[in-house]
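K.L.:
Coordinates for the following, if possible.
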Amino acid sequence: MNTFSARKLAITYVGVFLGAGFVSGQELWQFFACFGPAGFAGFLFSSAIFFSINYILLDLVRTTGDQRLSRLLTRGDHPRIKALVDILQYLFLFGIVVIMVAGATSLIRQFVPLPAPAAGAGFALLVLLVSLLGLHGLVATFSLLVPITTALAVILGLAVAAGGGFHFPPSTGSVSPLLPTWWAGSLTYAAYNLFGTVGILIPFAPLLPDRKTLRRGLGWGTGLLALLAGAILSALMARPDAGSADLPMAALASQLHPALGAAYGLLMGLGMFAAALGSLMALVNQMALRWPALAQKKPAVLSSLMVGAFLLSLMGFVGLIGVVYPLFGYVSIPLFLCLILNWRQARCKMPANESGSLSL
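P.N.:
Next up is the predicted model:
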């Protein structure tokens, strides 16, 4: 993998989001759809922030050659602040793995009558075994998953919305005390994804040949995300009763036809697997940048993390999304400003031919 094309970046960017929360509809329900049609505006606002922040961060990686998030966010000698940023990133990436295991447990039990511990343990073991394949396996998984999942989610979302005549009932109101308004949901949704996406995308930044490829890849990826989210939001707003289910879109698919429910459930499970895999790999890679000795102990580190993720996943899927994501969103908001300031200063020092490498 010598270079990374705009198409591969777009696919990987979208694939990062196709986890338990997004594709299931539970995440989009809590942050956007519960607020009614205003949720559309909220997601578009988040999409604009997604594009801008990820462009700034990946360009900063290309400019400085540094892949540690804490060093990209904080300038100068601030060891305590950098340590805090690192810890927050580790916790959030680990939290995503936990939520993916919890979501997969709910999904498996919807189709197979297994005890929750057995379903979660099986999924966690599969993620652990595949995590040793590296970045090539991750990109291959996303390349297969994203087009199929996008097409099926769009078809399902439009079918549900059309069944209701594209009539959206009034807002049901916030379903989480941490997300009182649509704009709060929009801002925190974009903010927590700073931790969730960049850890996975950062290793690919040095493989991007130029800024044009970066802009195109993120632009195409953002467009695909908006299309996918628009279809899911339309379905959830047309059928707000589905928001009470752990996996709203899977429930709606099953109501239309059992075969469609099974197909959507399978793709959703693959999305959860890909998100858990990507977050786990990003977590270990970022930890190894801070503690190089861990690179020699990856199997033991991966095993320990997955055991912990499995145990915490028993807390339940819906509750985890309603607490973990908003909290990290509020914590991440001040980091936006730090990232933008660092990027502007790095660009000012950047040689015109883009060949230079700076240190923060």
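K.L.:
residues of the one helix or strand Leu144 maps to that come out buried?
P.N.:
Assigned by DSSP states H and E, Leu144 belongs to helix 135-163. Residues 135, 138-139, 141-142, 145-146, 149-150, 152-154, 156-157, 159-161 are the ones in helix 135-163 that count as buried (16 or more other Cβ atoms under 10 Å). From N, CA and C alone the C-beta is placed, and that goes for glycine too.
K.L.:
try stretch 248-267
P.N.:
Result for stretch 248-267 [16+ other Cβ under 10 Å]: buried residues Pro248, Met249, Ala250, Ala251, Leu252, Ala253, Ser254, Leu260, Gly261, Tyr264, Gly265, Leu267.
K.L.:
measure that stretch end to end?
P.N.:
One end of stretch 248-267 to the other measures 14 Å (Cα to Cα, to the nearest Å).
K.L.:
Tell me where this protein has helices.
P.N.:
Taking DSSP state H, the helices of the chain run over residues 6-17, 20-24, 26-31, 38-64, 69-73, 79-111, 116-130, 135-163, 182-201, 211-238, 248-256, 258-290, 298-313, 317-349.
K.L.:
mind checking how far the last one is from the chain centre?
P.N.:
What that stands for is helix 317-349. 13 Å (Cα atoms, centre = their mean, to the nearest Å).
K.L.:
other SSEs contacting that helix?
P.N.:
For helix 317-349, the helices and strands in contact under the criterion 3 or more Cβ pairs under 8 Å, 6 or more residues apart in numbering; DSSP states H and E are helix 20-24, helix 26-31, helix 38-64, helix 69-73, helix 79-111, helix 182-201.
K.L.:
any idea of the mean pLDDT in the first one?
P.N.:
Average pLDDT, helix 20-24: 70.
K.L.:
Go ahead and confirm Gly243 touches Phe31.
P.N.:
No: at 11.6 Å, Gly243 and Phe31 do not qualify as touching, with contact defined as Cβ atoms under 8 Å.
K.L.:
and these two? which has more neighbours close in?
P.N.:
More neighbours surround Phe31 than the other of Gly243 and Phe31, with 32 against 20 (other Cβ atoms under 10 Å).
K.L.:
so how far is Gly329 from the more buried one?
P.N.:
According to Cβ to Cβ, to the nearest Å, Phe31 and Gly329 sit 9 Å apart.
K.L.:
for Pro292, same thing?
P.N.:
As judged by Cβ to Cβ, Pro292 and Gly329 stand 31 Å apart.
K.L.:
what does Asp246 give?
P.N.:
21 Å.
K.L.:
Contact partners for Trp182?
P.N.:
Residues near Trp182 by Cβ atoms under 8 Å, 6 or more residues apart in numbering: Phe32, Phe35, Ala38, Gly39, Ala41, Gly42.
K.L.:
Mind doing that once more with 10 Å?
P.N.:
Shown in contact with Trp182 (Cβ atoms under 10 Å, 6 or more residues apart in numbering): 31-43, 45, 171, 174.
K.L.:
What of Asn193?
P.N.:
Val16, Phe17, Ser46, Ile49, Phe50, Ile53, Asn54, Phe92, Tyr325, Phe328, Gly329, Ser332.
K.L.:
And for Leu69?
P.N.:
Counting by Cβ under 10 Å, 6+ apart, Leu69 makes contact with 57, 61, 82, 85-86, 88-90, 194-195, 198-199, 202, 282, 286, 289, 335, 339.
K.L.:
Pull out the buried residues from those.
P.N.:
The neighbour count (16+ other Cβ under 10 Å) marks 57, 61, 82, 85-86, 88-90, 194-195, 198-199, 202, 282, 286, 289, 335, 339 as buried among the contacts of Leu69.
K.L.:
Look up how far Leu88 lies from the nearest residue to Cys338 once chain neighbours are set aside.
P.N.:
Leaving out its chain neighbours, the residue that sits closest to Cys338 by Cβ to Cβ, 6 or more residues apart in numbering is Leu73, at 4.6 Å. The gap separating Leu73 from Leu88 is 10 Å, by Cβ to Cβ.
K.L.:
which neighbours do the two share?
P.N.:
With contacts taken as Cβ under 10 Å, 6+ apart, Leu73 and Leu88 have Leu335 as neighbours in common.
K.L.:
If you average pLDDT over each of the helices of the chain, which is lowest?
P.N.:
Sorting the helices of the chain by mean pLDDT places helix 20-24 lowest, at a mean of 70.
K.L.:
one step back: in CSV: the helices and strands packed on helix 317-349, plus distance to Trp343.
P.N.:
Converted to CSV, these look like this (distance: least, Cβ to Cβ, whole Å):
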stretch, distance to Trp343
helix 20-24, 27
helix 26-31, 26
helix 38-64, 5
helix 69-73, 9
helix 79-111, 16
helix 182-201, 13
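K.L.:
Go through those helices and name the closest to Ala226.
P.N.:
Proximity to Ala226 (Cβ to Cβ) singles out helix 38-64 among these, at 5.3 Å.
K.L.:
If we go by neighbour counts, what in the closest one is buried?
P.N.:
Within helix 38-64, the residues that count as buried by 16+ other Cβ under 10 Å are 38-40, 42-43, 45-47, 49-64.
K.L.:
Repeat that for stretch 174-188.
P.N.:
Those would be Ser174, Val175, Ser176, Leu178, Leu179, Trp182, Ala184, Gly185, Ser186, Leu187, Thr188, for stretch 174-188 by 16+ other Cβ under 10 Å.
K.L.:
ok, the contacts of Trp182 vs Ala300, which is closest?
P.N.:
Distance ranking of those against Ala300, using Cβ to Cβ, places Phe31 first at 36.1 Å.
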